[in-house]
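Asker: sequence first, predicted coordinates after that:
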Amino acid sequence: MPLTGLKVLDLTRVVSGPFCTMLLADFGANVIKVEAPDGDPSRVTGIVGAGENPYFVNLNRNKRTITIDMKQERGKEIVRRMAQASDVLVENFRPGVMDRLGLGYKALSALNPALIYAAVTGFGKTGPYKDRPAFDFIAQAMSGFMSLNGDRTMPSLRVGIPISDTIAGLYAAFAILAALRERDRTGRGQEIQTAMVDGLISMFTFASAAFFSTGQLPPRNGNDHMVVAPYGLFNASDGPIAIAPSTEKNWQQLCTALKQEHLMTDPRFDSAEKRREHRSDINALVQAVIGGRTREEWINRLNQAGVPCGPVNDLSQAFADPQVLHQEMVLRSLQPGGPVRMPGFPVKLSNTPARLRKPSPQVGEHTVEILRELGYQEEDIERLFKTNTVSMAPSPSTANTPN
């Protein structure tokens, strides 16, 4: 696999960091997740049914885990030993925590100059907000992202998934690969920082372009596009359809598919600027036609005409969609407590694809195995367990137990 042989020390928890290390593990990296004695909070966060929490299972697939009390000096020594043997370390503690533990970039890079040290934070490791607690909701609010979501009739609205966490994790994985390429040339590692707020700001594209160009705040357009009309949701006789004729050619294709060719020469709609100016008029005319047929009829007709469109699916419909299933975007992890479904791999490599190689680990499942790999002798391992420096919860999948 592309990242086979890459050793990643994962000191992360919850979403942003685990999302980053999941991406690396999916492509073959040897990811060792370090958990505190009480485990990653995401093991028990959210809606948990029978068996294991799908929230944790999804984000921690393909990893091994060791449970360490990093407040104990012996625990810190284990982490140092692991860092010396690793290519990459990823953490998402608040700024300063790792330094206070004696496990920050400066300390660990002195032991392993080739180490790539990636930190995911809410606001960044420096600056006036560096010590503030950060959650996705706060990042969406403070970045300006929330101000663009929804329409002008409602208050600012958050996106319904932890998008700032996942974007920060995605950028961290991207930065790690860039730093590895640089290390190939120089032999030296470096420190990487990504922040949840920064990640959201980087995604603004045409919204920030419009603001920088005009100085005007972009309006919240809901399902309408900022610069394209008609564009959005239109109700067929049995439910809504998303229609997005974003180019002049698409507009003409839409008029033809609707059998409303005269709209192409209507002086109110004969340019993108005029259609945007008369958005409510053109939306009403399109809606009047769309409402006369079913969603399936319109989706077939519009796609045949080349007009971008699709149904508004809920999750049950999306995960049952034939294209989604063809793309293998639903996986089943065979966990000890029973199979758990999760989203699949969004990136497809023709020769070395991502694979679900192992289920997400139980608490401390690989503690003994990893300590042995680090060179600890059996009497040392027994002592670490007796002092609660390391631990391991009993589970059906635990292969190694201390003597």
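Answerer: It's in. Residues are numbered from 1 along each chain as shown.
Asker: and the residue nearest the centre of the chain, what does it touch?
Answerer: In the chain, the centroid-proximal residue (Cα atoms, centre = their mean) is T166; its distance is 2.7 Å. T166 is in contact with V15, S16, F19, counting by Cβ atoms under 8 Å, 6 or more residues apart in numbering. C-beta: built from backbone N, CA, C; applies to glycine.
Asker: element containing the last one?
Answerer: It stands for F19. For F19, the element it lies in under DSSP states H and E is helix 16-26.
Asker: what's that helix in contact with?
Answerer: Looking at what lies outside helix 16-26 - Cβ under 8 Å, 6+ apart - the contacts are 3, 6, 8, 10-12, 29, 31, 33, 40, 42, 58-63, 88, 90-92, 118, 120, 164-166, 168-170, 172-173, 176, 196, 345, 354-356.
Asker: these in helices, which ones?
Answerer: Of the contacts of helix 16-26, the ones assigned to helices by DSSP state H are N58, L59, S164, D165, T166, A168, G169, L170, A172, A173, I176, M196.
Asker: selecting buried members of those residues in PyMOL, what would you type?
Answerer: Selection command for PyMOL covering only the buried members of these, criterion 16 or more other Cβ atoms under 10 Å:
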select buried, resi 58+59+164+165+166+168+169+170+172+173+176+196
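Asker: what's the burial count for A134?
Answerer: 23 (other Cβ atoms under 10 Å).
Asker: for V347, same thing?
Answerer: By other Cβ under 10 Å, 9 other residues sit near V347.
Asker: just to check, it is in contact with E328?
Answerer: No: using Cβ atoms under 8 Å, V347 makes no contact with E328, being 11.8 Å away.
Asker: so is P240 in a helix, a strand, or just coil?
Answerer: Under DSSP: H, G, I helix; E, B strand; the rest coil, P240 falls in the strand class.
Asker: from what I can see it touches N223, true?
Answerer: No: the criterion here is Cβ under 8 Å, and P240 misses it with N223 at 9.2 Å.
Asker: which residues do these two both contact?
Answerer: Common neighbours of P240 and N223, using Cβ under 8 Å, 6+ apart, are L233.
Asker: give me the element G310 is part of.
Answerer: strand 309-311.
Asker: where's that strand relative to the chain centroid, distance-wise?
Answerer: Distance, stretch centre to chain centre, for strand 309-311: 24 Å (Cα atoms, centre = their mean, to the nearest Å).
Asker: next helix or strand past that strand?
Answerer: Helices and strands here follow DSSP H and E; after strand 309-311, the next one along the chain is helix 315-318.
Asker: can you show me the CA trace of the helix or strand just after that following helix as CSV?
Answerer: Sequence-wise, the next helix or strand downstream of helix 315-318 (DSSP H and E) is helix 322-326. What follows is helix 322-326, C-alpha atoms only, in CSV (Å, rounded to 0.1, in the frame of the first residue of the first chain):
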residue,chain,number,x,y,z
PRO,A,322,-26.7,2.3,-6.5
GLN,A,323,-23.9,4.7,-7.4
VAL,A,324,-22.8,5.0,-3.8
LEU,A,325,-22.8,1.3,-3.4
HIS,A,326,-20.9,0.8,-6.6
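Asker: which outside residues touch the helix or strand following helix 322-326?
Answerer: Remark: after helix 322-326, the chain's next helix or strand is strand 330-335, criterion DSSP H and E. For strand 330-335, the surrounding residues in contact (Cβ under 8 Å, 6+ apart) are 51-52, 57, 61, 319, 324, 339-345, 356, 359-360.
Asker: may I see the ChimeraX selection of the buried members of those residues?
Answerer: The ChimeraX command for the buried members of the contacts of strand 330-335 (criterion: 16+ other Cβ under 10 Å) is given here:
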select :52,57,61,324,340,342,344,345,356,359,360
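Asker: so where's the stretch 251-400 of the chain uncertain?
Answerer: Flagging of the stretch 251-400 of the chain using pLDDT under 70 yields the residue ranges 394-400.
Asker: strands of that one, start to end?
Answerer: Here the stretch 251-400 of the chain has its strands, by DSSP state E, counting those that start in this stretch, at 309-311, 330-335, 338-343, 390-391.
Asker: check the stretch 51-200 of the chain too.
Answerer: Taking DSSP E, counting those that start in this stretch as the test, the strands found in the stretch 51-200 of the chain are 63-68, 88-91, 116-121, 191-195.
Asker: tell me which of those approaches A393 most closely.
Answerer: strand 63-68 (7.8 Å; Cβ to Cβ).
Asker: that closest one pairs with which strands?
Answerer: Note on strand 63-68: by DSSP bridges, its sheet partners are strand 30-35 (parallel), strand 390-391 (antiparallel).
Asker: how far out from the middle of the chain is that strand?
Answerer: For strand 63-68, the distance to the chain centre is 21 Å (Cα atoms, centre = their mean).
Asker: begin at 577 from now on, thanks
Answerer: Understood, numbering begins at 577; the last thing we discussed is strand 639-644.
Asker: what residues of it count as buried?
Answerer: Buried, per 16+ other Cβ under 10 Å, within strand 639-644: K639, R640, T641, I642, T643, I644.
Asker: which residues are contacting it?
Answerer: Outside strand 639-644, the residues that touch it by Cβ under 8 Å, 6+ apart are 586, 597-598, 601, 606-613, 615, 651, 654-655, 934, 936-943, 945-947, 965-969.
Asker: so that strand versus helix 592-602, what angle?
Answerer: Calculated by axes from the mean of the first three to the mean of the last three Cα atoms, to 10 degrees, strand 639-644 forms an angle of 130 degrees with helix 592-602.
Asker: what separation do you get for the closest residue to T965 other than its chain neighbours and P915?
Answerer: Spatial nearest neighbour of T965, chain neighbours left out: R650 (4.4 Å); criterion: Cβ to Cβ, 6 or more residues apart in numbering. To P915, R650 is 38 Å away according to Cβ to Cβ, to the nearest Å.
Asker: around L793, how many other residues sit close by?
Answerer: 12.
Asker: now do the SS call for it.
Answerer: Assignment for L793 (three-state DSSP): coil.
Asker: what's the separation between it and R728?
Answerer: L793 is 11 Å from R728, where distance means Cβ to Cβ.
Asker: likewise for T823?
Answerer: Distance from T823 to R728, by Cβ to Cβ: 26 Å.
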